[in-house]
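Asks: Pasting the sequence and the predicted model now:
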Amino acid sequence: HYRIGAGLAFIAGVRYVTVVFPPSRVHMAQGLYGGCIQLGAGTSLYLMPLLDAGLDLRGAFLASTGLVVAALGFWTLIAPDRRVVLPPARFSLAVRSGTVWLLTLAHTGTFGLAILAETWITTFLARDLGLPLTVAGGLGSAVLVVGILSRPVGGLIIDRRWVLTKTMIRASLLAGTIGLGLLALPGRPVWAAMLALLVMGMALSLPYSAVMNTATAALPASPGAAVGMVGGVSLILIALGAPALGSLYSRTESFSLAFGLLGAFSLLVFWLTRWVRGEEEFAA
């Protein structure tokens with residue numbers, strides 16, 4: 001029930017942003033929304049163990065429920081009410097849309113790769129580079145922390161028309177390819193790994209608003225279905241990729257092959273997105 005509710009809330013939130021905010025601010029707002037999602041996910045990873053230690057597991061869940069109820073009350077009282085009548089969403093339209101599939105791959109190649117890297121980066125830093133576990137954990141969280149900041153930054157850049165949505169998506173994929181390539185190099189120095197983490201942490205979260213708003217613009221008859229497909233299919237690929245990386249590591253005792261394959265996937269998506277249409281093209 002929790003995961004169903006969270007998934008529905010995510011899709012509804014993406015649509016709500018596009019309805020409430022004017023076009024000149026929608027990308028910035030979408031970036032803030034995405035950054036807060038990542039902030040909430042990261043905070044829960046640290047907060048739940050602390051609550052468990054102080055209150056036991058049942059108390060931790062009760063405290064979390066209280067936070068959700070408080071957020072719901074705040075939302076109900078403060079959030080502007082916007083009612084927009086849309087035709088019934090047809091998921092089949094999203095499935096048949098080449099643009100939606102390309103954006104799904106782009107979301108997997110940016111947000112998805114950031115999640116996969118974050119899942120294993122602490123192990124990589126500790127095992128491959130020999131860093132102390134506490135240091136590796138702190139540095140590994142940089143991908144998540146920087147991503148919280150870069151999502152709103154990406155939205156601001158698009159709102160100011162400094163970069164087109166398609167350009168940002170493709171530049172992010174290229175930066176991710178370079179970062180993963182640095183991580184995959186055998187015998188890479190620590191500074192190169194840290195540079196790769198910094199590049200990936202910033203670049204892979206920048207195009208969040210560009211992807212989501214382009215998906216909405218690409219399928220105006222079923223914007224919720226488009227956003228749901230982009231987010232849902234990418235999560236399936238992330239769920240499959242995380243254990244696959246662990247399996248590769250257990251077989252090779254190195255992350256070079258695993259990160260190399262992720263870099264190859266990012267490069268493939270970069271090549272495929274040459275055919276994607278940016279949000280500006282749909283608005284023209």
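Replies: Received the coordinates, thanks.
Asks: Quick one: neighbours of A264, just the number.
Replies: 14 (other Cβ atoms under 10 Å). No exception for glycine: its C-beta is placed from N, CA and C like everyone else's.
Asks: so what does the helix or strand it falls within touch, helix or strand wise?
Replies: Using DSSP states H and E, A264 maps to helix 256-272. In terms of contacts (3 or more Cβ pairs under 8 Å, 6 or more residues apart in numbering; DSSP states H and E), helix 256-272 is packed against helix 98-107, helix 113-127, helix 165-184, helix 223-252.
Asks: Would you mind writing the CA trace of it as CSV?
Replies: Provided in CSV are the C-alpha atoms of helix 256-272 (Å, rounded to 0.1, in the frame of the first residue of the first chain):
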residue,chain,number,x,y,z
SER,A,256,35.5,-2.1,-13.3
LEU,A,257,33.3,-4.3,-15.5
ALA,A,258,30.1,-3.2,-13.7
PHE,A,259,30.7,0.5,-14.0
GLY,A,260,32.0,0.0,-17.5
LEU,A,261,28.7,-1.7,-18.6
LEU,A,262,26.8,1.2,-17.0
GLY,A,263,28.9,3.7,-18.9
ALA,A,264,28.3,1.8,-22.1
PHE,A,265,24.5,1.9,-21.4
SER,A,266,24.7,5.7,-20.8
LEU,A,267,26.6,6.1,-24.1
LEU,A,268,24.0,4.1,-25.9
VAL,A,269,21.2,6.2,-24.5
PHE,A,270,23.1,9.4,-25.4
TRP,A,271,23.3,8.2,-29.0
LEU,A,272,19.6,7.2,-29.1
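Asks: which residues are contacting that helix?
Replies: Contacts to helix 256-272, defined as Cβ atoms under 8 Å, 6 or more residues apart in numbering, come from residues 102, 105-106, 108-109, 113, 116-117, 120, 124, 170, 173-174, 176-177, 180-181, 183-186, 241, 245, 248-249, 252.
Asks: how much space between the residue nearest to G109 when sequence neighbours are not counted and T214?
Replies: With Cβ to Cβ, 6 or more residues apart in numbering as the criterion, G109 has its nearest non-adjacent residue at 3.8 Å, and that residue is V269. Relative to T214, V269 is positioned 15 Å away (Cβ to Cβ, to the nearest Å).
Asks: returning to what we had before: would you turn the helices and strands packed on helix 256-272 into a markdown table with mean neighbour count and distance to I157?
Replies: Output for the helices and strands packed on helix 256-272, formatted as a markdown table (neighbours: other Cβ atoms under 10 Å; distance: least, Cβ to Cβ, whole Å):
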| stretch | mean neighbour count | distance to I157 |
| --- | --- | --- |
| helix 98-107 | 23 | 16 |
| helix 113-127 | 22 | 18 |
| helix 165-184 | 22 | 7 |
| helix 223-252 | 18 | 20 |
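Asks: looking at the ones you listed, which is closest to S24?
Replies: Comparison of the helices and strands packed on helix 256-272 against S24 by Cβ to Cβ identifies helix 165-184 as nearest, at 14.6 Å.
Asks: starting at the chain centroid, how far to that closest one?
Replies: Centroid separation for helix 165-184 versus its chain: 14 Å, with Cα atoms, centre = their mean, to the nearest Å.
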